[in-house]
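*Asks:* no sequence for this one, just the structure:
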């Protein structure tokens, strides 16, 4: 590990914590599998909410992979990685929002059954990941970015299930599109939060980019 001060103390609760790395590997596997399942189901069922959730899983898979790559590095590099992840999350949110708006005029009615079943499976998967990562939610920007993404996913999965109920009850695509839009805004908001904390760690005194001591 390259962080001097962390070497002098316990790694518990830091990005070098073995438990943290183990949780990231599990989260990476779960998110990769759920991305594949949801993108297929979203296209087959015509659900923008499922497709939005699938993109979220893809973004999180990249998030976890980057976090594993920088876990042993100094704070400045972890903060730079968080900046990249925050920007990616915000960009995905903008894409999903634009896609949902496009579907208001050009989309059809999704299949509520596919939405409900896949959304429920995704909720179970993300709830488990969120529980694993809960104790790391107050760490540095890199660790916090992982927690924010997993939290957003769990909230999004609940919304997808509710959207499925709404589509079934109304026979229209509006519940699906509304949930996709909300998930997009949530992604943009989470990305901005991550970027702000990462910038504060890179610019601790507000006088230009510096590399903070560990």
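*Replies:* On my side now, so go ahead. Since the model is a prediction, treat every value here as computed from it, not as a measurement. Numbering: from 1, shown residues only.

*Asks:* Look up how far residue 203 lies from the residue minimising distance to the centre of the chain.
*Replies:* What sits nearest the mean C-alpha location of the chain, by C-alpha atoms, centre = their mean, is residue 149, with 2.8 Å. To residue 203, residue 149 is 23 Å away according to C-beta to C-beta, to the nearest Å. (Each C-beta comes from the backbone N, C-alpha and C, glycine too.)

*Asks:* swap in residue 116?
*Replies:* Residue 116 is 46 Å from residue 203, by C-beta to C-beta.

*Asks:* The two: which is more packed in?
*Replies:* The residue with more neighbours, out of residue 116 and residue 203, is residue 116; 19 against 14, by other C-beta atoms under 10 Å.

*Asks:* And for the more buried one, nearest residue in space, chain neighbours not counted?
*Replies:* Using C-beta to C-beta, 6 or more residues apart in numbering and skipping the chain neighbours, the partner closest in space to residue 116 is residue 164 (3.7 Å).

*Asks:* what packs against the host helix or strand of that neighbour?
*Replies:* Element membership for residue 164 (DSSP states H and E) is helix 141-170. Where contact means 3 or more C-beta pairs under 8 Å, 6 or more residues apart in numbering; DSSP states H and E, helix 141-170 is packed against helix 18-45, helix 48-70, helix 75-106, helix 112-133, helix 174-202.

*Asks:* between the fourth one and helix 48-70, what angle do the directions make?
*Replies:* To tie it back to what came earlier, the one meant is helix 112-133. Counting by axes from the mean of the first three to the mean of the last three C-alpha atoms, to 10 degrees, helix 112-133 lies at 20 degrees to helix 48-70.

*Asks:* Let me see the contact set for the residue nearest to the centre of the chain.
*Replies:* Applying C-beta atoms under 8 Å, 6 or more residues apart in numbering to residue 149 gives the contacts 56, 59, 60, 63, 85, 89, 190.

*Asks:* returning to that earlier point: residues contacting the residue nearest to residue 116?
*Replies:* 112, 113, 115, 116, 119, 175.
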